[in-house]
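Colleague: could you look at this predicted model? Sequence included:
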Protein chains: 2
Amino acid sequence: MLSNHLQNGMETARLVWSRLPNSEDGEFDAVGISKKSDGGSVESLDYEVIENHAYREEQAQRGKVYFVYQVAVKWFFALLIGIGTGLAAVFINISVENFAGWKFHLTFQIIQKSYLAGFVIYVLFNLALVLSSVYIVTHFAPAAAGSGIPEIKGYLNGVDIHGTLFFRTLIGKIFGSIGSVGGGLALGKEGPLVHTGACIASLLGQGGSTKYHVSSRWLQVFKSDRDRRDLVTCGCAAGVAAAFRAPVGGVLFALEEVTSWWRSQLMWRVFFTSAIVAVVVRTAMGWCKSGKCGHFGAGGFIIWDISGGQEDYSFQELLPMAVIGVIGGLLGALFNQLTLYITHWRRNYLHKKGNRVKIIEACLISLLTSVISFGLPLLRKCTPCPETDPASGIECPSSPGMSGNYVKFYCGRDNEYNDLATIFFNTQDDAIRNLFSAKTIHEFSAQSLLTFLVMFYTLAVITFGSAVPAGQFVPGIMIGSTYGRLVGMFVVNFYQKLNIEEGTYALLGAASFLGGSMRMTVSLCVIMVEITNNLKLLPLIMLVLLISKAVGDAFNEGFYEEQARLRGIPLLESRPKYQMRKMTAKEACGTRKVISLPRVVKVSDVASILRSNKHNGFPVIDHTRNGETLVIGLMLRSHLLVLLQSKVDFQHSPLPCEGSGIIRHNFNEFVKPATSRGLSIGDIHLSSDDLEMYIDLAPFLNPSPYVVPEDMSLTKVYNLFRQLGLRHVFVVPRASRVVGLITRKDLLIEEENEDLDTVELQSTSVRGRRRDRRLTGTADMEDPLLNDLLVQNRTSS
Amino acid sequence: MLSNHLQNGMETARLVWSRLPNSEDGEFDAVGISKKSDGGSVESLDYEVIENHAYREEQAQRGKVYFVYQVAVKWFFALLIGIGTGLAAVFINISVENFAGWKFHLTFQIIQKSYLAGFVIYVLFNLALVLSSVYIVTHFAPAAAGSGIPEIKGYLNGVDIHGTLFFRTLIGKIFGSIGSVGGGLALGKEGPLVHTGACIASLLGQGGSTKYHVSSRWLQVFKSDRDRRDLVTCGCAAGVAAAFRAPVGGVLFALEEVTSWWRSQLMWRVFFTSAIVAVVVRTAMGWCKSGKCGHFGAGGFIIWDISGGQEDYSFQELLPMAVIGVIGGLLGALFNQLTLYITHWRRNYLHKKGNRVKIIEACLISLLTSVISFGLPLLRKCTPCPETDPASGIECPSSPGMSGNYVKFYCGRDNEYNDLATIFFNTQDDAIRNLFSAKTIHEFSAQSLLTFLVMFYTLAVITFGSAVPAGQFVPGIMIGSTYGRLVGMFVVNFYQKLNIEEGTYALLGAASFLGGSMRMTVSLCVIMVEITNNLKLLPLIMLVLLISKAVGDAFNEGFYEEQARLRGIPLLESRPKYQMRKMTAKEACGTRKVISLPRVVKVSDVASILRSNKHNGFPVIDHTRNGETLVIGLMLRSHLLVLLQSKVDFQHSPLPCEGSGIIRHNFNEFVKPATSRGLSIGDIHLSSDDLEMYIDLAPFLNPSPYVVPEDMSLTKVYNLFRQLGLRHVFVVPRASRVVGLITRKDLLIEEENEDLDTVELQSTSVRGRRRDRRLTGTADMEDPLLNDLLVQNRTSS
């Protein structure tokens, strides 16, 4: 009786689980296999195989159409994400460039008359922009503060942080970063763009935001967490591609940095998204060339084309380049440590005091930044213009309010320029372009560069962590290119060679600082190459990155990892820790008690279990007739909560429900809405009658979660966990017997519609064996799972 | 008694297994955990923990030094692989270019007097080169025939094909491809270069070839299959990087095409190798620029810089580009199908007749190729030179025997050129450069291109599969760029726009054919971009690839997959087959009987088991006192064979051996030499005395192979298998209880040397719990694995 139910329940479980949002591992579980593999009496075997076959065919037909539809929708969404992120990037860039353009234009006009009035205007302009940004963040979208990349990494690692992918976060991120970047703070828009891309992807995946009624039913095809994660991965890559106009770099960033697991079929889709972004951005920039976008033009996207620069390098130059790598590692590690301390202090003290403190803080930082960037160049003596070749297109001094080298600021004579103002009193994109620029040897003095380095480094450290959207790429490039150019100046003086460009060293410096801080490798290398559009520098960039990453790793972890840890986001690194080699799976579980549920469980028990702990998954255990226990699956907390809330599955009897095929649920209920914290046990009200009822969990559990034996090395478990992107693994005792052994050849199943002459493999394919099996029946060694149950079943019936 | 032994045995197993070449999954298993986790009486727990702790510390100390050493060696090897592959590529290119250069130079000199004599010289030259190639392959290195990429894919998928990575294969590949490419056959040197890189990596990994006494002991650090696979992955990437001078493309090729599993820490090392190759190749080319390398110069590596070409594209052009994609898909799929049939026929009929047939076949193909490439241009009428700008550097006609456009061949007048000879009577690299060239509109007539397309396609189909090293990249690019240029000609005529370049269409055609044949995506895209050094074409290349891959996929599988299947190499695709969703793990095992071994096994039994089947792994099952069975691990066939051969572990008693700590083996014996087929049961001679002895397998087994429950969906098993690169998975019955549940947070272990204030995570880290545990002892729910054994142990002692 019970065993019969158990069997029925297992069948239903498979049927139902396959339609549930499989947040665990996103795999479809076996559907329609039940009858054949779980037994059935030997007499009716042939009949059942045939029936089963027909059933499978039908399933397959229906499934294939759905499958093709799904694939088509996925590609369509990739397209939409690309277009959306591209447009968002264009919008942010146009806005930032226009705000900054107006600001500098106005300031330059006014300082022709009065430097004080210009200063006031400059400060107020910046303050207004920063204020708007911090107001949006604090009052509308708290999750939009900061970079967002640690949170996205967490999400793709399997940890959902509340609010990260909301619609309001998207809005806050876009408008917040316009304010903060336009307001001249020492931060960039690249991290926020990655976050923006991820938000767009996630919102598309859930078919819009229900809260703001921009939702549509037909878009809700992505039920499983895995599909959503795929979309967000696309969004990330799109963000990077948009920020740097680096499609390949975007793909590699998504691959290397953000995802903990990866399937190569996803790669092509991610690449497609990135390419779409590139097309959108390119088209928009072509359209803007004619001057329709105000100040936005060449200076919009950070593409610093230095292909006109240094073409070759000698072996002597490798030493100063290595020095740049070491400096990058040291400064990067220091940066990580300082930001970590400051962010820690902010989180624990300052930001607990409420929004007003956050706003005041941001405004003070804005004031400080404005004063330094305006004031310091005033103290600097101007330099006479060098004699430049008019054919090179470099003006000296450049016309006021325009981007370019040789900015004239507080200079007495006409043909003078202020080298500190050229990098400080400028948008960051223009400053970087100036630092990277070739054919401008001796433009900057060592003193100015050093001043700028110290001040900007300090500002960047202080700014990160305040309540505005903040990326770390551009500040990193600024800092790195400054000391890179410094080293380059010494090299030029020391080696006395003419074909050495300071700009090349600035680029290497930028790479070294990012490598020393973020510890990215391949993706960063490719991004730098794509930014500068010069493949020839690849080996040099790589050398510098190798050194700076190694130096940085000696001190601390990467920037995003440190920040994620601070925020309590459990990221799994790609490499298992060394001491895991000496631990077993069971040791990792520790002393925590495993709380199992019976198959049919009393509602009051469920409620008290859910209240008493915070576990997200519970093993479900059933008893066979002869008292043996059997683990029948994994029940997720979120699904339990849905069951408790909907109450339609409550039953009076403590026995498994009879109609195993009847599914009373709308499966959409199980989809965790991305825009809310999900259900909590506190939200559910159960009457005393309800508490006396029972639920049969069998239809709702994951019938075959991954298991590991208790004395398996933790390294192995780690790899399993990370490579498959799991959330729960059962640790079980060693098995008593081996039912079968799966090898590579067992997994080489021919597609049904293929009739190629693969003579050599035919004999080992499953199809061949399946045929054998129908003839021979079930052999001794392959007793079905519930064999003992079946025997009893037959005797009892 | 027995249980005590079992426990001792398990400890030893872990200690020994950790030092064995873990060909299974390459993971270190837990070492030194045994006492604590497997039990020990409660009274002595504290003492044991301390003792254990000291032991661990010592292990950790020793281990960390070794770990650092290993990492350093790995990077050093990556460097060596890069240098080796780079030099091999340079050598091959210099040789090929010089042979081909002499050939064309000589022929052009002679045809000034007599076309017949020139023809004879041309044919003989080609014949001699091809003969040398086919002789080397047939008599010296049979595994060097063909592309090699399917075999490497197989190796990295976990299937070792005999001979693929031998030293003689390396030599055969290098010299064979010089002959076959220099001899003007319709094949390329790129596939062979990938194979060459892999061979170099593998030979380095095993410390040279023992057979040829180029071995050294201290290099033999890489014992596990996984380390070797990592090296071979580096070698593959290096090969691609060398062949196309595309370091990023090489990394992506290794990532996307050849490996079935991937760890991001490997990526950086692979990238490093690729960059080293780029540096080596670049340095060599710089050195050769001064003319020290004979004919080798600009024409050496296939870099077709078309950055001087089309900069922009209009939306109207997308239609013809899509047409190119469709053509590519169709022709590519046809190519795969034709080569598959011909290779199948060759393998099953022609090549079974011995080496002489292979040699004759190759010579006939060479003759045919020479006749067509010399004869067809003779039939073609010459075209008058267009009026070219002398500043563009394009000569018409080009000087005889030199590379360049507008080849003069069998022309009556001085300022005429033969457009068919320009592509046909030329090295393939030059031909491709001519097809890709910008600013040469109307150079080729549609008739010539069409003739060339048909003839070359046929030649490429016939040539692939003959007994010479043969790559498919360059022929693919040739075919693709021909029809691409054809379409480009129509576009130029139809749209009447001047900024359209036929060369751009040729490039897209090349991408489309490779996409339609090889079905590579991201890596191909990046390779094409790096080859042409033009990032702006990326979206177009991607569009074309998307279409051609989709069209091709509608007909058959990719080129390498088809070839691998034909050769019986079981490759696991990235995506599980659709019908796996409906199957369970147990169904996949089929009716094959699982052959288990007892822990202590009679030698005669082992011998007969090894003779009676071909399984590569056997579960080892032991009995507890109360008659229950317990799966204690996986024994590999190869290890069993080593045990049988060495005989030092034979014992007279059928009881487990006492001195569990004594290891009589030199672990190097277990390393499967890459240059031999390994042991076979036929090689081992056992006396009748030997047959009566016993072996205790416990020290030699893998104590914790991955297991799956019998009714897990095959899709899940597939993912497990592929993502972790496994070879065996045990299918076991469902567990009766859950000992623990591992979640993400359990795997976040702090490094011992870190003292950061990660307040939020501290409470969930394992270190915290471990401390708790020492105080509280073992809780009820976490009974040790062998608890029942221990209880009995205590009562019996």
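Modeller: Received, thanks.
Colleague: report pLDDT for the residue in the stretch 301-450 of chain A positioned nearest to chain B.
Modeller: Residue of the stretch 301-450 of chain A nearest chain B, by CB to the nearest CB: A:H344 (6.7 Å). Glycine gets a C-beta too; all of them are placed from N, C-alpha and C. The model reports A:H344 with a pLDDT of 91.
Colleague: the one 10 residues further on now?
Modeller: A:G354 is assigned a predicted lDDT (pLDDT) of 86.
Colleague: looking at it, the residue of the stretch 301-450 of chain A closest to chain B is touching A:R567, isn't it?
Modeller: No. Contact criterion CB atoms under 8 Å: A:H344 and A:R567 do not qualify, at 10.3 Å.
Colleague: re the thing from before, look up how far A:T138 lies from the closest residue to the residue of the stretch 301-450 of chain A closest to chain B other than its chain neighbours.
Modeller: Once flanking residues are discounted, A:H344 sits nearest to A:L566: 6.0 Å by CB to CB, 6 or more residues apart in numbering or on different chains. Here the criterion is CB to CB, to the nearest Å. By it, A:L566 lies 20 Å from A:T138.
Colleague: and what of A:I94?
Modeller: Distance from A:I94 to A:T138, by CB to CB: 25 Å.
Colleague: so for these two, which residue has more residues nearby?
Modeller: Using other CB atoms under 10 Å in any protein chain shown as the criterion, A:I94 and A:T138 rank with A:T138 on top: 23 against 20.
Colleague: part of a helix, is that one?
Modeller: Yes. Counting by DSSP: H, G, I helix; E, B strand; the rest coil, A:T138 is located in a helix.
Colleague: and the one helix or strand A:A550 maps to, what does it pack against?
Modeller: Applying DSSP states H and E as the criterion places A:A550 in helix A:538-553. Judged by 3 or more CB pairs under 8 Å, 6 or more residues apart in numbering or on different chains; DSSP states H and E, the packing partners of helix A:538-553 are helix A:318-348, helix A:502-518, helix A:522-532, helix B:247-253, helix B:264-288.
Colleague: okay, buried residues for the last one please.
Modeller: By neighbour count on 16 or more other CB atoms under 10 Å in any protein chain shown, the buried set for helix B:264-288 is B:264, B:266-282, B:284-285, B:288.
Colleague: who's in contact with A:D230?
Modeller: For A:D230, the contacting residues are A:K74, A:L266, A:R269, by CB atoms under 8 Å, 6 or more residues apart in numbering or on different chains.
Colleague: closest to B:L747 out of the helices and strands packed on helix A:538-553?
Modeller: Taking CB to CB, helix B:264-288 is the member of those nearest to B:L747, at 16.5 Å.
Colleague: tell me the angle that closest one makes with helix A:522-532.
Modeller: Note on geometry: by axes from the mean of the first three to the mean of the last three CA atoms, to 10 degrees, helix B:264-288 and helix A:522-532 are set 50 degrees apart in direction.
Colleague: ok, so what distance separates A:L453 from chain B?
Modeller: 27 Å (CB to the nearest CB, to the nearest Å).
Colleague: quick one: A:G250 and A:T233 touch, right?
Modeller: No. With contacts counted by CB under 8 Å, A:G250 stays clear of A:T233, the gap being 10.5 Å.
Colleague: between the two, who's got more neighbours?
Modeller: A:G250 (34 against 29).
Colleague: part of a helix, is A:K292?
Modeller: No. With three-state DSSP as the criterion, A:K292 is assigned coil and is not in a helix.
Colleague: report how many residues lie close to it.
Modeller: The burial count assigned to A:K292 is 9, neighbours taken as other CB under 10 Å.
Colleague: let me see the backbone angles for it.
Modeller: Torsion angles at A:K292 (phi, psi; degrees, to the nearest 10) stand at phi -80, psi -10.
Colleague: what about the strands in the stretch 301-450 of chain A?
Modeller: Ranges of strands in the stretch 301-450 of chain A, per DSSP state E, counting those that start in this stretch, are A:383-384, A:416-417.
Colleague: so A:I742 belongs to a strand, correct?
Modeller: Yes. Per three-state DSSP, A:I742 lies within a strand segment.
Colleague: looks like it contacts B:A585 (just checking).
Modeller: Yes. Between A:I742 and B:A585 there is a contact at 6.3 Å, judged by CB under 8 Å.
Colleague: who has more neighbours out of the two?
Modeller: Neighbour tally, A:I742 and B:A585, criterion other CB under 10 Å: the higher count belongs to B:A585, 29 against 25.
Colleague: before we move on, back to that, nearest to B:Y505 among the contacts of A:D230?
Modeller: Of all the contacts of A:D230, B:Y505 sits closest to A:R269, with 26.5 Å by CB to CB.
Colleague: for the residue nearest to the closest one when sequence neighbours are not counted, identify the helix or strand it belongs to.
Modeller: Excluding its sequence neighbours, the residue lying closest to A:R269 (CB to CB, 6+ apart) is A:A78, at 5.0 Å. Here A:A78, judged by DSSP H and E, is contained in helix A:45-111.
Colleague: between that helix and helix A:264-288, how big is the angle?
Modeller: Using the same axes, to 10 degrees: helix A:45-111 against helix A:264-288 is 30 degrees.
Colleague: could you list every helix and strand in contact with helix A:45-111?
Modeller: helix A:34-38, helix A:115-139, helix A:167-182, helix A:190-205, helix A:225-244, helix A:264-288.
Colleague: packing partners for the fourth one?
Modeller: Put plainly, it is helix A:190-205. Under the contact definition 3+ CB pairs under 8 Å, 6+ apart, helix A:190-205 sits against helix A:45-111, helix A:149-157, helix A:167-182, helix A:225-244, helix A:473-495.
Colleague: relative to B:L170, which of those is closest?
Modeller: Taking these one by one with CB to CB, helix A:225-244 is closest: 38.0 Å.
Colleague: buried set for that closest one?
Modeller: A:225-244.
Colleague: got the CA coordinates for that helix in CSV?
Modeller: The C-alpha trace of helix A:225-244 is given here as CSV (Å, rounded to 0.1, in the frame of the first residue of the first chain):
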residue,chain,number,x,y,z
ASP,A,225,17.1,30.2,-12.3
ARG,A,226,19.5,28.9,-14.8
ASP,A,227,17.8,30.6,-17.7
ARG,A,228,17.8,33.9,-15.7
ARG,A,229,21.4,33.5,-14.9
ASP,A,230,22.2,33.0,-18.6
LEU,A,231,20.4,36.2,-19.4
VAL,A,232,22.2,38.1,-16.7
THR,A,233,25.5,36.7,-18.0
CYS,A,234,24.6,38.1,-21.4
GLY,A,235,23.7,41.4,-19.7
CYS,A,236,27.1,41.6,-18.0
ALA,A,237,29.0,41.0,-21.2
ALA,A,238,26.8,43.6,-22.9
GLY,A,239,27.6,46.1,-20.2
VAL,A,240,31.4,45.6,-20.6
ALA,A,241,31.0,45.7,-24.3
ALA,A,242,29.1,48.9,-24.1
ALA,A,243,31.4,50.5,-21.6
PHE,A,244,34.6,49.8,-23.5
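Colleague: what about that helix, distance to the chain center?
Modeller: Counting by CA atoms, centre = their mean, to the nearest Å, helix A:225-244 is centred 7 Å from the centre of its parent chain.
Colleague: could you give the mean pLDDT of that helix?
Modeller: Helix A:225-244 comes out at a mean pLDDT of 88.
Colleague: next, the angle helix A:264-288 makes with it.
Modeller: Using the same axes, to 10 degrees, helix A:225-244 lies at 40 degrees relative to helix A:264-288.
Colleague: coming back round to it: any chance of the helices and strands packed on helix A:538-553 in CSV, plus distance to B:L368?
Modeller: As requested, the helices and strands packed on helix A:538-553 are exported to CSV (distance: least, CB to CB, whole Å):
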stretch, distance to B:L368
helix A:318-348, 51
helix A:502-518, 52
helix A:522-532, 44
helix B:247-253, 32
helix B:264-288, 33
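Colleague: of all these, which lies closest to A:A421?
Modeller: Nearest to A:A421, of these and by CB to CB, is helix A:502-518 at 17.8 Å.
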